[in-house]
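# quick one, what's the 3D model for this:
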Amino acid sequence: MFICAFMGGRIREEGVFLVRWQRVWYLYQVVAGFSGRFLQWMDGKTGMEKVTPELQRLIEEIPEMHAALQIEFADPARLFDMQLGYGVDVTGKDLSGTGKGEWHPAWVVFGYDYGDPVFVDTREEARGFPVYTAEHGTGNWEPQEIAGTLAGFIRILLLLNAAMEAGDIDYRNLTAKMAPHTGNMDYWDVVIEGIEDNLE
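Here you go, the predicted structure:
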C-alpha cells in the first residue's frame with residue numbers, strides 16, 4: 001500500500017513536471033517565433049532590404065581592429081542593430097526622411113565613432129559605396145565623406161591596424177599611404193591623434 005502510494009505520488013509529480021516543461025517549451029517557441037518575425041519586420045523597417053550582396057561582402061571584410069582605435073563596427077550578422085536610433089527607433093517607428101538634415105532611408109550604418117554614425121548610401125553602389133560620418137546630437141544630419149569607397153575605407157583601417165600593432169605611429173608615412181583613399185584627412189588626423197593618446 002505504502003509503495004503504491006509512493007509510486008503514485010512520484011508518477012503524479014513527474015506528470016506535473018512534464019506538463020510544466022511542455023508549457024515552458026511552448027512559451028519558448030511562441031516567443032522565438034515572435035522574435036523571428038519581429039526581426040524580419042525590423043529588417044524591412046531599417047532599410048536592410050537595400051543591403052546588396054556586394055555591400056554585405058565588403059562589410060564582412062572589415063578587419064577586427066586594434067583596441068586603440070575607438071571606432072566600433074557591426075557584426076555583419078547583426079547589422080540591423082546599428083540602425084536603431086537613426087533610421088528607426090526600437091519600436092519600429094520610421095525616423096528617416098528625405099528633407100534637408102533628415103536621416104535618409106538609403107543610409108545604412110555599419111560603425112560608430114564616439115557615437116557618430118559611420119555609414120554608406122545604398123544608392124551609391126556604382127561609386128563603390130563612399131563612406132560617411134555625421135555629428136550626432138545637433139538636430140540635423142550633415143554627412144561628411146571620410147573615404148572615397150568602402151574598399152578604400154577598409155584599406156585605411158588595415159594601414160591603421162599595422163601602425164597600431166607596431167606601436168609607433170609614423171605620421172608622415174601613414175598619411176601618405178592613406179591619402180589616395182580619402183579626401184578628408186582632417187577627419188583622419190583626429191582619429192590618429194586619438195590612437196596616439198590610447199597607445200601611450
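# I'd assumed residue 62 was in contact with residue 161.
No - with contact defined as CB atoms under 8 Å, residue 161 does not reach residue 62; the gap is 10.8 Å. Using the backbone N, CA and C atoms, a C-beta is placed for each residue, glycine as well.
# roughly how far apart are the closest residue to residue 101 other than its chain neighbours and residue 116?
Nearest residue to residue 101, sequence neighbours excluded (CB to CB, 6 or more residues apart in numbering): residue 140, at 3.3 Å. The spacing between residue 140 and residue 116, counted by CB to CB, to the nearest Å, is 13 Å.
# between the two ends of stretch 140-151, how far is it?
Taking CA to CA, to the nearest Å, the first and last residues of stretch 140-151 lie 28 Å apart.
# can you dump the C-alpha atoms of stretch 117-137 in CSV for me?
Extracted in CSV, the C-alpha atoms of stretch 117-137 (Å, rounded to 0.1, in the frame of the first residue of the first chain):
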residue,chain,number,x,y,z
PRO,A,117,27.5,57.0,-37.2
VAL,A,118,29.7,55.6,-39.9
PHE,A,119,27.6,54.8,-42.9
VAL,A,120,27.1,54.3,-46.6
ASP,A,121,24.4,55.3,-49.0
THR,A,122,22.9,52.2,-50.6
ARG,A,123,22.2,54.2,-53.8
GLU,A,124,25.9,54.7,-54.4
GLU,A,125,27.0,51.1,-55.2
ALA,A,126,28.2,52.3,-58.7
ARG,A,127,30.6,54.6,-56.9
GLY,A,128,31.9,51.9,-54.7
PHE,A,129,30.0,53.0,-51.6
PRO,A,130,31.7,56.2,-50.4
VAL,A,131,31.8,56.2,-46.6
TYR,A,132,30.4,59.0,-44.5
THR,A,133,30.0,60.1,-40.9
ALA,A,134,27.8,62.8,-39.3
GLU,A,135,27.9,64.5,-36.0
HIS,A,136,25.1,63.3,-33.7
GLY,A,137,23.1,65.5,-31.3
